[in-house]
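Chemist: I need the structure of the sequence given here:
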Amino acid sequence: MSVLMVSGTGTEIGKTVVTSAIAAAAVAAGRSVAVLKPAQTGVGPQEPGDAAEAVRLAGPSVTAVELARYPEPLAPDTAARRSGLPTLSPAQIADAAERLSLDHDLVLVEGAGGLLVRFDEAGNTLADAARLLGAPTLLVAQPGLGTLSSTTLAAEALRVRELTGLGVVVGSWPQSPDLAERCNLADLTRSSGLPLLGAVPEGSGGLAPDRFRAAAPTWLAPSLSGTWSAESFLTAWPPPPFTTRSPADV
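Modeler: Here you go, the predicted structure:
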């Protein structure tokens with residue numbers, strides 16, 4: 001696996017932090033890493049974007065590349081149209097990833113929002129770039145209510161397009177998960193048909209970079225250069241047993 005697409009099942013679910021954790025774990029394993037952000041939206045010209053954040057967290061050896069930047073926090077196609085700037089095609093994304101793969105062991109392509117967010121006027125998405133690259137896609141999911149549906153829909157979209165879904169990483173696992181989050185953790189694999197490959201703790205992006213890099217492998221499965229075990233994690237957070245109340249309890 002030299003190129004990995006990283007897509008969210010929505011926005012603001014920890015996709016950049018997960019991408020940074022994968023980069024940090026790969027660097028710790030002795031691999032050279034590049035993070036490609038095809039379209040950065042909602043960030044000013046001089047502000048650091050998601051690719052720069054990956055370098056800050058994962059380390060200066062990580063190569064960061066951004067192909068396009070649009071000022072408004074919208075889908076890339078809409079943001080490009082409103083700003084009068086050119087859109088990105090799947091071929092441009094694939095070409096950039098292929099060039100980076102020539103001198104990096106791992107290229108992480110971080111999408112914008114969900115898998116089927118439009119990048120151009122023709123309606124092309126990150127999935128179309130994945131097809132050109134023949135690259136697997138990792139889904140980053142949120143832990144709370146609604147995640148079973150959104151993650152399963154994204155997994156089905158990959159299968160319909162005959163693309164490889166590598167697995168699912170929970171992007172912001174809370175310190176004290178509620179009932180829905182614990183049940184979702186147990187049900188995600190069964191619902192989506194994809195393996196659970198990690199859980200990044202909530203607030204990890206706020207750690208000092210050295211602490212982030214040291215901890216990152218413990219959040220990710222061996223297929224992502226980590227030491228995390230889905231079986232052990234699920235055992236640590238089992239859903240509580242279902243109980244019914246008798247009329248006397250009401």
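Chemist: what separates the nearest residue to Glu202 once chain neighbours are set aside from Leu108, distance-wise?
Modeler: Once flanking residues are discounted, Glu202 sits nearest to Ser172: 4.5 Å by CB to CB, 6 or more residues apart in numbering. Backbone N, C-alpha and C define where each C-beta goes, glycine included. Using CB to CB, to the nearest Å, one gets 18 Å for the distance from Ser172 to Leu108.
Chemist: and Ala34, by the same measure?
Modeler: 7 Å.
Chemist: any idea how far the host helix or strand of the residue nearest to Glu202 is from the chain center?
Modeler: Using DSSP states H and E, Ser172 maps to strand 165-173. Strand 165-173 sits 7 Å away from the centroid of its parent chain (CA atoms, centre = their mean, to the nearest Å).
Chemist: which residues does the residue nearest to Glu202 contact?
Modeler: Ser172 makes contact with 13-14, 17, 142-143, 200-204, according to CB atoms under 8 Å, 6 or more residues apart in numbering.
Chemist: could you report the pLDDT at it?
Modeler: On pLDDT, Ser172 comes in at 94.
Chemist: now it: how far from Ala141?
Modeler: 10 Å.
Chemist: kindly report the same for Ala39.
Modeler: Counting by CB to CB - Ala39 and Ala141 are separated by 21 Å.
Chemist: same drill for those two, tell me which one is more crowded.
Modeler: Legend: neighbour count by other CB atoms under 10 Å for Ala39 and Ala141, higher for Ala141 (31 against 26).
Chemist: hang on, the earlier thing: could you list which of the contacts of Ser172 belong to helices?
Modeler: With DSSP state H as the criterion, helices contain Val17 from among the contacts of Ser172.
Chemist: picking up where we left off before, which one of Ala34 and Leu108 has more residues nearby?
Modeler: Neighbour comparison, Ala34 and Leu108: the larger count goes to Leu108, with 27 against 24 (by other CB under 10 Å).
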